[in-house]
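> Provided below are the primary sequence and the corresponding predicted coordinates.
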Amino acid sequence: MPLAPLGLALLITATPCPDGEIAVAAQGTPVVRCMPVSREFMSEVVPLISCESSWRWDAIGDHGQAHGLLQLRVDVHGKRMREIGLDPNKEADRWQYAEQVLWAEQGLAPWSCAKEQP
């Protein structure tokens, strides 16, 4: 099946995933992961990912505190994530938290790269 592009480097693929999840691949890597997020959220964060992580699943920034494509800071969000049963060390949990908590409450404001968007 064809890929459905969302941005320059992030693709939603036809890889089977559980209901409510989207298969995501960072361009240039064979790694495909199922993320528990909506297509609407994906379309909002695609422009940020290049700035936040340079499309690297394994990106670590902010002196070891920000992780993954979305660069969520463990020191800032880890406690709240654990309180709601999510593991800040798991990429899928970070995506779920990003959509269901951060984006739902604040839109794109928590991401520093959102401030740089036109």
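Looks like it arrived, so ask away.
> Show the low-confidence segments of the chain, by residue range.
Per-residue confidence for the chain (pLDDT under 70) gives these ranges: 1-16, 20-32, 116-118.
> try it again with 80
Along the chain, the parts satisfying pLDDT under 80 run over 1-37, 39, 55, 115-118.
> helices or strands up against the helix ranked longest in it?
Ranked by residue count under DSSP state H, the longest helix found in the chain is helix 39-53. Judged by 3 or more C-beta pairs under 8 Å, 6 or more residues apart in numbering; DSSP states H and E, helix 39-53 is in contact with strand 10-12, strand 22-26. The C-beta positions use only the backbone N, C-alpha and C, and glycine is treated the same way.
> ok, how many other residues are close to Ile84?
11 (other C-beta atoms under 10 Å).
> ditto for Asp58
Residues within reach of Asp58, counting by other C-beta under 10 Å, total 12.
> which residue sits closest to it, ignoring its sequence neighbours?
Distances taken as C-beta to C-beta, 6 or more residues apart in numbering put Gly68 closest to Asp58, at 7.8 Å, once the chain neighbours are dropped.
> what's the answer for Ala114, then?
Per C-beta to C-beta, 6+ apart, closest to Ala114 is Leu108, 3.8 Å.
> At which residues are the helices of the protein located?
Assigned by DSSP H, the chain shows helices spanning 39-53, 74-83, 91-97, 104-106.
> now, of these, which is deepest in the fold?
Per residue and on average, the most neighbours among these fall to helix 91-97, with a mean of 21 (mean count of other C-beta atoms under 10 Å).
> From the structure, what's the count of residues near the spatially closest residue to Ile60 that is not a sequence neighbour?
Distances taken as C-beta to C-beta, 6+ apart place His67 nearest to Ile60, at 5.8 Å, with adjacent residues excluded. Burial measure for His67: 23 neighbouring residues, criterion other C-beta under 10 Å.
> His67 and Arg56 touch, don't they?
No - in this structure, His67 is not within contact of Arg56 by C-beta atoms under 8 Å, at 10.6 Å.
> Common neighbours of the two, please.
Counting by C-beta atoms under 8 Å, 6 or more residues apart in numbering, His67 and Arg56 have no shared contacts at all.
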